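A.B. asks: based on what follows, work out the 3D shape:
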Amino acid sequence: MGTSTDRTGGTGGAWTPLKHAATSLMRAADTGQRSPTTLRRLLSRHVPVLGGAAGAVAGARAGRVGAQRLGAVLAGIATDGLGTALAGQGLGDLLGADRLAVLDALAGYVAGDGADIDGQAARDAMFDVLAELFPDADSWADLDAVRLDADGVRDMLELFLARYVYNRIPVIAERLARLEDPVKAQRAEEDLQRMVRSFVHLRLPADALEVDWSGAPGRTIIDDSLRAVYDALSVLED
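C.D. replies: Predicted coordinates for the structure are as follows:
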């Protein structure tokens, strides 16, 4: 499951309709149904639990910081390769290291150690990005050979934000874990992830490589993107 640190949540208030929606999704998945209405209901009802759209954006510190750091790393890979990108972020000691050491350090740099729920959501999202970015890399040479263009930078950032948003949804991992058929659980999770990603669009200038991801321009882009996502999700049920 994408949400490795599950949130069973509280009781009453906004939690009750969210839990009902999560149970409905679980039951639909168990019978083999794939209902967009059920997906939209769940995505819409989780936003109030995070404090509404404004609260969800304000509380997205790990996602915001992580996306900015990831943007800087990705832009470096696109321009000069992983070795130069790591050195530019103060991670030059990783040059030539083995695959697992490099990927674990990158996850830690971007998303921290996942010490809280928000941090774990960002860390899990980062591992999804790394799996997409370096699918066949077994050695340092393989890692350093990977290149991106501006579209690739945007795609990886959108993937990170989409998985981060998904990973912040409370209750769902616990509900899907009740399904006896792991294939049905995975299908429901993937349907949710696809729907979340359809709402994530970075508002970029002409070239993602021109953005100062570590500075104010990068933060503005990430904040605007998160705000647009949560505004859209909050009214899906309507």
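A.B. asks: use CA for all of it now, contacts and neighbours both
C.D. replies: Will do.
A.B. asks: can you give me the helices for the chain?
C.D. replies: 15-30, 36-49, 52-58, 61-80, 82-88, 99-111, 117-133, 140-145, 150-167, 172-176, 182-197, 216-234 (DSSP state H).
A.B. asks: shaky segments in this protein?
C.D. replies: 1-9 (pLDDT under 70).
A.B. asks: closest one to residue 208 among the helices of the chain?
C.D. replies: helix 150-167 (5.2 Å; C-alpha to C-alpha).
A.B. asks: CA atoms only: put that closest one into CSV for me.
C.D. replies: C-alpha atoms of helix 150-167 as CSV (Å, rounded to 0.1, in the frame of the first residue of the first chain):
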residue,chain,number,x,y,z
ALA,A,150,12.4,19.5,-19.0
ASP,A,151,9.3,17.4,-19.5
GLY,A,152,10.9,14.6,-17.5
VAL,A,153,11.6,16.9,-14.6
ARG,A,154,8.0,18.0,-14.6
ASP,A,155,6.7,14.4,-14.8
MET,A,156,8.8,13.3,-11.9
LEU,A,157,7.7,16.2,-9.8
GLU,A,158,4.1,15.6,-10.6
LEU,A,159,4.5,12.0,-9.7
PHE,A,160,6.0,13.0,-6.3
LEU,A,161,3.2,15.4,-5.5
ALA,A,162,0.5,13.0,-6.6
ARG,A,163,1.8,10.1,-4.5
TYR,A,164,2.4,12.5,-1.6
VAL,A,165,-1.3,13.7,-1.8
TYR,A,166,-2.5,10.1,-2.0
ASN,A,167,-0.3,9.0,0.9
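A.B. asks: which outside residues touch it?
C.D. replies: For helix 150-167, contacts defined as C-alpha atoms under 8 Å, 6 or more residues apart in numbering pick out 2-4, 63, 67, 70-71, 74-75, 78, 121-122, 124-126, 128-129, 133, 192-193, 196-197, 200-202, 207-209, 226.
A.B. asks: good, wrapping up.
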